[in-house]
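Asks: Sequence and predicted structure are below.
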Amino acid sequence: MPELPEVETVRRGLQPVLEGRRIAKAVTRRADLRVPFPPKLAERLTGRRVLALRRRAKYILMDLDGGETLIVHLGMSGRFTVYPKGSNEGAMLGDFHYATPEAAAGAAKHDHVLLETDEGVRIAFNDHRRFGLMLLEPTEGLEQHKLFAGLGPEPLDPPLQGKVLTGLLAGKATPIKAALLDQRVVAGLGNIYVSEALHASHINPKRMAGSISPPRVTALAHAVTSVLEKAIAAGGSTLRDHAQPSGELGYFQHHFRVYDREGTPCPTRGCKGTIKRIVQAGRSTFYCPVCQR
Ligand SMILES: [Zn+2]
């Protein structure tokens, strides 16, 4: 499942081809993903200019002229593919022109939304498990939309501050792992990067959130921002390496220090511990019982 760095990588991959461009053509090839598409979605997207491409938590927000924003969630398996302009050697699928006949054949089943910009760049949204989401909502007051009202601060831009996180965790009698997964505390954090940030800041995932000293919470806040930024940088390099010509955005191989590394030596310098897996609130947590206190 894409976490914040993957979503941010997708946003950064789409930004140069969409921001400021007009959507010359839009096609929807089914009626729904997780929920039905907005009525007449393709018609309502056609002709609109993309003013900005933003992200809030794990949602991509495409602000359009006319005062509406396309909200996109990648769900479990959603992905965008960009076919650059000039890739005209390809194949047609319906009235959508793919870069290669293979792309057209492979896309036939799961490319649900297709966009073409006024520059001739083509963008396909593919989601084989269909847990993704697309909504078209008024831009004004979007932060009050039920998806966004009550979300905590973003962990990046500006970087999460120790003081802010200390305030958010104050008095919380839940394990820090669960507190960080709560989207009302910090928006967009998921299972993988919470494990990584707790390890980087040497905090035991079972420790009660409200009992961690402010200097350690500050270290944790820095670790949250740092692990996300490193993952985005890794995604960004993947983007540069592989964006052309297939242009599939947002999925890349990470090197995790503790996530999914049960039984391996702890990567903390000088630590002789072994990474352990426990289950907290139904989710796997990976940590080192020796150096995480
Ligand atoms: Zn350790």
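Replies: Arrived safely, thanks for sending.
Asks: How about the contacts made by the nearest residue to Pro265 once chain neighbours are set aside?
Replies: Setting aside the residues directly before and after it, Pro265 is nearest to Thr274 in space (CB to CB, 6 or more residues apart in numbering), at 6.3 Å. Using the backbone N, CA and C atoms, a C-beta is placed for each residue, glycine as well. With CB atoms under 8 Å, 6 or more residues apart in numbering as the criterion, the residues that contact Thr274 are 263-266, 288.
Asks: need the residues you listed in CSV with neighbour count, can you?
Replies: Rendered in CSV, the data for those read as follows (neighbours: other CB atoms under 10 Å):
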residue, neighbour count
Gly263, 8
Thr264, 12
Pro265, 12
Cys266, 22
Cys288, 24
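Asks: among the residues you listed, which are in reach of the ion?
Replies: On the criterion CB under 5 Å from the ion, 266, 288 are the entries of the contacts of Thr274 that sit beside the ion.
Asks: For the residue lying closest to Gln280 once chain neighbours are set aside, pull up the helix or strand it's in.
Replies: Nearest non-adjacent residue to Gln280, counting by CB to CB, 6+ apart: Lys177, 5.1 Å away. In this structure, Lys177 is located in helix 176-181 according to DSSP states H and E.
Asks: Roughly how far does Ser195 sit from the ion?
Replies: As defined by CB to the ion, to the nearest Å, Ser195 lies at a distance of 13 Å from the ion.
Asks: So which bits of the stretch 151-293 of the chain are right by the ion?
Replies: Where the stretch 151-293 of the chain comes near the ion, counting by CB under 5 Å from the ion, the residues are 266, 268, 271, 273, 288, 290-291.
Asks: One more pass at 8 Å, please.
Replies: Within the stretch 151-293 of the chain, the positions adjacent to the ion are 199, 202, 266-268, 271-273, 275, 288-292 by CB under 8 Å from the ion.
Asks: Which residue would be the closest one in the stretch 1-150 of the chain to the ion?
Replies: Here the residue of the stretch 1-150 of the chain nearest the ion is Glu3; by CB to the ion that distance is 23.1 Å.
Asks: I'd say that residue and Glu196 touch.
Replies: No. Judged on CB atoms under 8 Å, Glu3 makes no contact with Glu196 at a distance of 10.4 Å.
Asks: So which residues of this protein form helices?
Replies: Listed in chain order, the helices of the chain (DSSP state H) span residues 4-18, 41-45, 101-107, 162-169, 176-181, 191-200, 214-242.
Asks: If the residue nearest to Leu135 when sequence neighbours are not counted is in a bridge, with which residues?
Replies: The spatial neighbour of Leu135 that comes closest, neighbours along the chain excluded (CB to CB, 6+ apart), is Ile71 at 4.4 Å. For Ile71, the residues forming beta bridges with it (DSSP bridges) are Leu61, Leu135.
Asks: List of residues touching stretch 178-186?
Replies: Stretch 178-186 is contacted from outside by 57, 150-155, 160, 165, 168-169, 172, 174, 189-191, 194, 197-198, 209, 224, 280-281, 283, using CB under 8 Å, 6+ apart.
Asks: Pull out the buried members of the residues you listed.
Replies: Of the members of the contacts of stretch 178-186, the ones counted as buried by neighbours, 16 or more other CB atoms under 10 Å, are 57, 151-152, 154-155, 160, 165, 168-169, 172, 174, 189-191, 194, 197-198, 209, 224, 280.
Asks: Compare Glu3 and Glu196 and say which one has the larger neighbour count.
Replies: For Glu3 versus Glu196, the count of surrounding residues by other CB atoms under 10 Å is larger for Glu196: 23 against 19.
Asks: dump the residue contacts of the more buried one.
Replies: By CB under 8 Å, 6+ apart, the contact list for Glu196 reads 223, 227, 256-259.
Asks: top of the residues you listed by neighbour count?
Replies: If you count neighbours using other CB under 10 Å, the busiest of those is Val227, which has 27 neighbours.
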